[in-house]
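Trainee: The sequence and its predicted three-dimensional model are supplied below.
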Amino acid sequence: MITDSHTGPAIIRSAESADLPWLQEIEVAAGEQFRRLGMAAVADDEPPTLAELERLRRAGAAWVAAADDGTIVAYLVAEEVDGALHVEQVTVHPDAARRGLGRALIEHAAGHARDRALPALTLTTFRDVAWNAPYYERLGFRVLGDDELSPGLVRIRAAEAALGLDRWPRVCMRREL
Ligand SMILES: CC(C)(COP(=O)(O)OP(=O)(O)OC[C@H]1O[C@@H](n2cnc3c(N)ncnc32)[C@H](O)[C@@H]1OP(=O)(O)O)[C@@H](O)C(=O)NCCC(=O)NCCS
């Protein structure tokens, strides 16, 4: 349990099907932060579909942070990619940001990966956005060189480029566990 003076305690638990529409809402709300950086296309990006969220949930790597009144304020979805746990999305509602929930969700995913003897977490993110690559660096991730990308990460990066995300520098990152 994470206690916080503003939101009260928050509990991390596995996501349930009924939670998934809230995850989409959190994604849209958090995306707004990109608009003021001139990255409106990111803000306007569709959230993950319910089908995609349900697929990740069923695979057993989808968690939410719920406030003590049950409100879901953050989530993380991940899946195994080339032998590492790949964080597909970690998002905190802006009203609950900067209170350690992002960090707690990443630590939760790290524990899940360790339990499965996976050696690392990976993710892709924007290099120059303060709450993206610099934030993950503080949590122990390092930027991978192009020659270090596994085939699955190359495919993920190609899919992101096809969606237009490479208008801003993006990087793959990895944290050893
Ligand atoms: C990235 C994210 C998950 C971090 O979660 P969080 O719970 O807010 O972060 P934590 O409380 O664990 O850590 C806080 C630190 O993150 C960084 N940070 C978070 N939000 C920030 C912001 N808007 N501007 C600058 N730094 C920010 C700061 O270093 C902050 O420390 P500080 O408050 O002492 O300055 C959250 O900001 C988010 O959902 N962002 C929008 C979605 C997103 O970018 N997802 C990742 C795409 S790859």
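Mentor: Right, received. Where do you want to start? Since we're looking at a predicted model, the values are computed, not measured.

Trainee: When you work out contacts or count neighbours from here on, use the C-alpha atoms and nothing else.
Mentor: Noted.

Trainee: what does the one helix or strand residue 20 maps to rub up against?
Mentor: With secondary structure defined by DSSP states H and E, residue 20 is part of helix 20-31. For helix 20-31, the surrounding residues in contact (CA atoms under 8 Å, 6 or more residues apart in numbering) are 42-50, 53-54, 72-75, 91-94.

Trainee: of those residues, list those near the ligand.
Mentor: Contacts with the ligand are made by 91-92 out of the contacts of helix 20-31, judged by CA under 6 Å from any ligand atom.

Trainee: This protein against the ligand: which residues are in contact?
Mentor: So the chain meets the ligand at 30-31, 90-92, 97-103, 125, 130-132, 135 (CA under 6 Å from any ligand atom).

Trainee: Would you map the helices across the chain?
Mentor: 20-31, 40-44, 50-58, 101-115, 133-138, 151-162 (DSSP state H).

Trainee: winner for burial among these?
Mentor: Compared across these, helix 20-31 shows the largest average neighbour count, a mean of 20 (mean count of other CA atoms under 10 Å).

Trainee: what about that one, distance to the chain center?
Mentor: Averaging C-alpha positions (CA atoms, centre = their mean, to the nearest Å) puts helix 20-31 12 Å from its chain's average.

Trainee: what about it, average pLDDT?
Mentor: Here helix 20-31 scores 97 as its mean pLDDT.

Trainee: CA atoms only for it, dumped as PDB, please.
Mentor: The C-alpha trace of helix 20-31 is given here as PDB (Å, rounded to 0.1, in the frame of the first residue of the first chain):
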ATOM      1  CA  LEU A  20     -10.400  -1.300 -18.500                       C
ATOM      2  CA  PRO A  21     -12.600   1.700 -19.600                       C
ATOM      3  CA  TRP A  22     -11.000   3.700 -16.800                       C
ATOM      4  CA  LEU A  23      -7.600   2.900 -18.100                       C
ATOM      5  CA  GLN A  24      -8.600   4.500 -21.400                       C
ATOM      6  CA  GLU A  25      -9.800   7.600 -19.600                       C
ATOM      7  CA  ILE A  26      -6.500   7.900 -17.600                       C
ATOM      8  CA  GLU A  27      -4.600   7.600 -20.900                       C
ATOM      9  CA  VAL A  28      -6.600  10.400 -22.600                       C
ATOM     10  CA  ALA A  29      -6.300  12.600 -19.500                       C
ATOM     11  CA  ALA A  30      -2.500  12.000 -19.200                       C
ATOM     12  CA  GLY A  31      -2.000  12.500 -22.900                       C
END
